[in-house]
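J.: Quick one, structure for this:
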Amino acid sequence: MIGLVLGAVRARAAQALTVLVLTAIAAAVAAAGPWFSAAAGSKAATSDVANAAPGDRVVSVRQLSETLGEPKAVLDAFAEAVRQLLPLPGLDPVMGMSLSQYAKMDTAVTPMALAYRDGFCDHVRLTGDCPAKPGEVAISQDSAQALWLDIGGTLKLSVNELADPTSLRIVGRYTLTDPAGAYWSDKLFRADDGLDPAFTPLETFAEPALFSPTLTYDVTVPDELIRGDDGFDLAGEMSRAGRAFTDADLRLVDPTRPLLQTIASDRALVRRGMLIALAQVLVLSWFAMGLAGRCTGRDRRGDAALLKLRGSTRGGMLRLAFGQHLVPLLAGVVVGTPFGLLAGWWLGGSIDSAADRRSTLLLCAATVAAVLVGGLLVLAAVEIAVLRLPVAALLRRVPTGRRSWRADLLDLVLLAVAVAATYQARADDSGSGLALIAPALVALAVALLLARVLSRVADRASGAALRTGRLRLGLTAARISRQPGTDRVFTLVTVVVAVFATTGGAWWAGHNARIERSEVELGAPRVLTVQASTSTALQHAVRTADPQGTSAMAVIVNTDVAPALYAVDSTRLGAVAGWRPEYGDEQTLSKAVATALPAPATVTGDRLELQVRNDGPKPVRVAAVLQNEDNGHIIALSFGLVRKGEHTITAKADGCTAPGSGCRLVRWTVSRAEALDTETPSFGASLTLTAVRQRNPDQVVLDAAALGDVRRWRADFTGSAMQISAAPGALTMRTNTSQKRAALVGTAVYAADATLPLPVILAGAAPNGWQFGDPLLYAVAADPVPVRVVASVPVLPAAGRAGLFTNLDTIRRVASDADLSGTYQVWLAAGAPASVVDRLKAAGLVVTGDNSVAGNADRLAEQGTAQGAMFALFAAAAAVLLAAATIGVAVAADREPHLEQLRALRQQGLPARAARRIGTATSTVLVVAAVLAGLLAAAIARPVAGLSTTAFTDGWNVTPPPGPLSVAVLAVAGVVALLVFVAAARLSLRRLTRELGGGRTK
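T.: Predicted coordinates for the structure are as follows:
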């Protein structure tokens, strides 16, 4: 039997090769699917972990404790208790203590925590020394300015406003080196409704007043545990640990759950996309094998008839028939599987875990076995149908013209399934069941209907053409309408083209969506995250590096407020930002917030001299605040005590002399004489400024016109503000006489060198508070700042659908001596030269992050939706090859009968050229019609199915998604498919055209 089988395979090598090719293509996709799913799912998980905020991977355990003078012993015992309960291997914890306190300086009181943290000095930039002895502290640069303290000073902390303070010696000022990193993700060690914490050695907590800190155990969960490598279930382990921590009176803070859900969603999307694409390819491959078996079965009918005449048993004939198919099927599996694994590795990457690799290879073997078994069953069904025929039917060479009722019934069933899938897709937004393949089923329904139409049209056209003497058209149409299996080949090709077009369109739309999202999320083609000492230093550095204003723009982003605040150097917005239609008109919006600002009063000398007159009943203390326009440093000037009458007073202005831009006048303060601070009011005080000059170089800072212009001055926005009056050459500042609610009595008069109310551009709905009161912004200065919405747009760069844009220079001036908080960025234009980054660094900025539209789009391409679309495109391309192989075998099976007919016509005088055209016209017309039908089915399928998809795992939809099907996509898909199919058909017709190329006879 084996010899007979091998002999039959050799005798019909072309048919066996066709089955081998079809099986190899299907096996390649089947082998690639599980490997791709595992590898791409792991890649998506790795990307999710890498792109997650560092704080999302930090698990924290906390406990209120009593140190009782032994802080180290208590912290060590706490760490050991946590290690016993936290079921995570390979951890490197960061231990810490934090105690809520109030900072005191004379009458000023503000919340400020005292903290210890492992490795503190390694994660900050220090000016001065690292605190190493009990009682030593380091405070932040912002806290030092807010408290007017410096190295060598004394920080006084107390548990409440009335308690005796603990005095701590300041040995250093710090700024965070990586504020967005994992080390600083614990909010206990960041400013929260107060000043940044002061950091001290652990031994300081032995003080009796510091006995009750909160102990912290922070640990970054390793990436492999979050990804779930080797089957590790982090969510389950943390859930069980949470109950154990609760029983032990410990608080577990686990922020990893949203990240784990994102990873699970990405893996599910990759797996679902792979299964849908694989299922479609398997069904199409089995259908193609059935067609191939039916087409090539005409040659085997004579063998079956001969075996029946010789008395062979049904079992013997089935074994021989199965054997002829089993050999090429096995060969196809052997050939296709390695290529499939290679394709899976190329598309999805490698699988690092040995356990995952073994389980994935088992799944690959199972899917390949499904291809083999399914193909064998389909071909067996075709052979059984042939063997059931009587000998007379087997020896019949003329095909029957009658369509089987079974074929009609199958078409009706498929149409019903397509209708059911369409209904489910429209009724159920979850996208499950038949709804997942609704577009393909709709395309199948369209293909079945168009196949019927093609057959009827070809039948009518053949008769009409022959009657009118149009031989080529008539014979071509007749063969299309009467050749058995033509409608099935047409249906297969139509469905494949529709799937290829819709899949390619979805992939291309996803690519464009990732580009558009990156443009919106970043705001500019390239965005640098930088560190600068102040917002003023940031703006000055950017303007120094790019004086023309065409390549770089300073931006400060504060997403801790609602709506998120984006302070941009708006004079450069139109030139730098990547503008989109959703943002509105760029010139209008840029001008809306870039209002002309008055020139500030600037000091460039080393001393400031005032001529004043005290008309109040008591002496007052006079001070001024300047801000360096290059580095943003605050310079506090104290002019001392001013008694009643006229006086000339001076104060040293360090840090304002050239070279540099000098110092901007921020405010004057008039306070109580007995107080050492500038915030204690002197009730009923009245001070008049009549001259403001500087020394070295000597010049007037504010002339008589400027002093007497009341528009140049403003008081506080809240409370009982100082009264301001102006006359030519004189500015008078008066304090409220009422001593009720003294804390709300203002002591300051500000230079009004910024536009107020602050102009902003709003995206999204305004905060609720703005609907019932004056619009106020609480994220700028110590007091709320009034704002004015000058424009509303649907979307803003970087902010998306919810955010505020305002001018950086304006808001910087409004903030006075309270610097802006947020993330410092530099946006770069598309054509920005590489040297601009070097100039930014030379200007003092430290670049900590660099992102671009292309880089962000590449990261988004690692999400599950993008990975699934990529495998779907690969599977659709494989389906095109399946259809091409089917066309080739169908054309080859019909080649001999067609050749005999054309030889007969040649003998009757048909020219060789006409014979060749007729010989190739049938396949060409069929292919062109099927491709056009496939494109029509693709255009109909998705709108009819109504299946909505998203390009992103997180459902991002700030801008409308690109359409999945465009004219360009349909054109490209149609051209590619047409070239492949025509090439397959022409390759099968080479012998026919060669033999028809001679003289009048064979």
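J.: Now do stretch 821-832: distance from first to last residue.
T.: 27 Å (C-alpha to C-alpha, to the nearest Å).
J.: try stretch 646-659
T.: 34 Å.
J.: Please tell me how far it is from the chain's geometric centre.
T.: Stretch 646-659 sits 52 Å away from the centroid of its parent chain (C-alpha atoms, centre = their mean, to the nearest Å).
J.: Number the residues from 55 up from this point.
T.: Understood, numbering begins at 55; the last thing we discussed is stretch 700-713.
J.: what's the model's confidence in it, averaged?
T.: Here stretch 700-713 scores 89 as its mean pLDDT.
J.: try stretch 993-1007
T.: 75.
J.: send the alpha carbons of stretch 974-991 over as CSV?
T.: The C-alpha coordinates for stretch 974-991 follow below in CSV (Å, rounded to 0.1, in the frame of the first residue of the first chain):
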residue,chain,number,x,y,z
THR,A,974,-5.9,33.5,-20.4
ALA,A,975,-9.1,35.6,-20.4
THR,A,976,-11.1,33.3,-18.1
SER,A,977,-8.7,33.4,-15.2
THR,A,978,-7.9,37.1,-15.7
VAL,A,979,-11.6,38.1,-15.7
LEU,A,980,-12.3,35.9,-12.7
VAL,A,981,-9.4,37.3,-10.7
VAL,A,982,-10.2,41.0,-11.6
ALA,A,983,-13.9,40.5,-10.8
ALA,A,984,-13.1,38.8,-7.5
VAL,A,985,-10.6,41.5,-6.5
LEU,A,986,-13.2,44.3,-7.2
ALA,A,987,-15.8,42.3,-5.4
GLY,A,988,-13.5,41.9,-2.4
LEU,A,989,-12.9,45.6,-2.3
LEU,A,990,-16.6,46.3,-2.5
ALA,A,991,-17.2,43.7,0.3
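J.: How about the residue most central in space within the chain: what's its closest non-neighbour residue?
T.: Geometric centre of the chain, nearest residue: L914, 4.6 Å, by C-alpha atoms, centre = their mean. Setting aside the residues directly before and after it, L914 is nearest to R568 in space (C-beta to C-beta, 6 or more residues apart in numbering), at 4.4 Å. Bear in mind the C-beta positions are built from the backbone N, C-alpha and C, glycine included.
J.: Let me see the contact set for the one you found.
T.: A911, L914, A915, A920, A1005 (C-beta atoms under 8 Å, 6 or more residues apart in numbering).
J.: just D232 next, same as before
T.: Counted by C-beta under 8 Å, 6+ apart, D232 has contacts H177, W238, T902.
J.: Just give me the neighbour total for G823.
T.: 11 (other C-beta atoms under 10 Å).
J.: before we move on, which element is it in?
T.: helix 822-826 (DSSP states H and E).
J.: C175 and G182 touch, don't they?
T.: No - if you go by C-beta atoms under 8 Å, C175 and G182 don't touch, sitting 10.9 Å apart.
J.: Now render the contacts of D232 as a markdown table, adding neighbour count and secondary structure.
T.: Below are the contacts of D232 laid out as a markdown table (neighbours: other C-beta atoms under 10 Å; DSSP: H, G, I helix; E, B strand; the rest coil):
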| residue | neighbour count | secondary structure |
| --- | --- | --- |
| H177 | 17 | helix |
| W238 | 19 | coil |
| T902 | 16 | strand |
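J.: Out of these, which comes closest to P188?
T.: H177 (21.5 Å; C-beta to C-beta).
J.: Against which helices or strands is the helix or strand hosting A104 packed?
T.: According to DSSP H and E, A104 maps onto helix 67-105. In terms of contacts (3 or more C-beta pairs under 8 Å, 6 or more residues apart in numbering; DSSP states H and E), helix 67-105 is packed against helix 277-281, helix 310-363, helix 368-402, helix 408-441, helix 907-914, helix 918-947.
J.: Of these, which stretch is the most buried?
T.: helix 918-947 (a mean of 25; mean count of other C-beta atoms under 10 Å).
J.: immediately after the helix or strand the residue nearest to L914 falls within, which helix or strand?
T.: Remark: R568 resides in helix 540-576, with elements defined by DSSP H and E. Using DSSP H and E, the next helix or strand after helix 540-576 towards the C-terminus is strand 580-585.
J.: got any residues that touch both of C175 and G182?
T.: With C-beta under 8 Å, 6+ apart, C175 and G182 have common neighbours A192.
J.: Could you report the separation of the closest residue to A599 other than its chain neighbours from L914?
T.: Of all residues not flanking A599 in the chain, R893 sits nearest, at 3.7 Å (C-beta to C-beta, 6+ apart). To L914, R893 is 31 Å away according to C-beta to C-beta, to the nearest Å.
J.: What of N790?
T.: For N790, the distance to L914 - C-beta to C-beta - is 57 Å.
J.: can you check G922 too?
T.: 13 Å.
J.: Check R765 too.
T.: Distance from R765 to L914, by C-beta to C-beta: 50 Å.
J.: Check A512 too.
T.: Distance from A512 to L914, by C-beta to C-beta: 48 Å.
J.: where does the stretch 855-1004 of the chain have low pLDDT?
T.: The model of the stretch 855-1004 of the chain has pLDDT under 70 over residues 947-958, 960-964, 966, 968-970, 973, 1000-1003.
J.: show me where it has helices.
T.: 862-868, 889-896, 907-914, 918-947, 949-961, 966-999 (DSSP state H, counting those that start in this stretch).
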